[in-house]
Each structure stands twice: as structure tokens, then as C-alpha cells.
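[1] coords please:
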Amino acid sequence: MLGDVGRTTLWKLVKANELEQVNIGRRSFITAESLQAYVDRLRGSATKDDKSASITLGAAG
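    Got it, this is the predicted structure:
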């Protein structure tokens, strides 16, 4: 599902409160629910803008 999305990009999204992080012991995880919600938001905004529903994740600038 994630394709070529890098670890750095995922943690940038966590820091921007786009994805939810859960800690278990010393390990950190991104919840599947927050990832799915993020993808759904991207698809929704792409549809509203009359763009393709395909998603490309990458550095934001």
C-alpha cells in the first residue's frame, strides 16, 4: 500500500499531525486507520480539484 513512501516522509506527516503515532515500549508505529484516513483525504481533495485520484507521496517542498 505504501509503495515508495520513505520513512522520513511518514515521520514528517506524523509531526504535521497528518498521521497518528502510537508508542509500544520503545517502538513507534503509525496506525493503519490514520494512514487510511490520510489516503482518503488525499483522494477526496484530488476528486474535488478534478484531478486524478492517484496519490503521490513525497517531500512537500
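
[2] Tell me which helix or strand in the chain has the weakest average pLDDT.
    Lowest on mean pLDDT, DSSP states H and E among the helices and strands of the chain sits helix 32-48, with a mean of 87.

[3] Now that one: buried residues?
    Neighbour-count burial for helix 32-48, counted by 16 or more other C-beta atoms under 10 Å, picks out 34-35, 38, 42. C-beta: built from backbone N, CA, C; applies to glycine.

[4] Out of those, which is nearest to residue 22?
    Ranked by distance to residue 22 (C-beta to C-beta), the buried residues of helix 32-48 are led by residue 34 at 9.1 Å.

[5] Could you report the neighbour count for the closest residue in space to residue 28 that isn't next to it in sequence?
    Nearest residue to residue 28, sequence neighbours excluded (C-beta to C-beta, 6 or more residues apart in numbering): residue 21, at 5.4 Å. Look at residue 21: counted by other C-beta atoms under 10 Å, it has 15 neighbours.

[6] Distance check, residue 21 against residue 8.
    Distance, residue 21 to residue 8, by C-beta to C-beta, to the nearest Å: 14 Å.

[7] Same check on residue 20?
    Going from residue 20 to residue 8 by C-beta to C-beta gives 18 Å.

[8] who's more crowded, the two?
    Each of residue 20 and residue 8 has its neighbours counted (other C-beta under 10 Å); residue 20 has more, 16 against 9.
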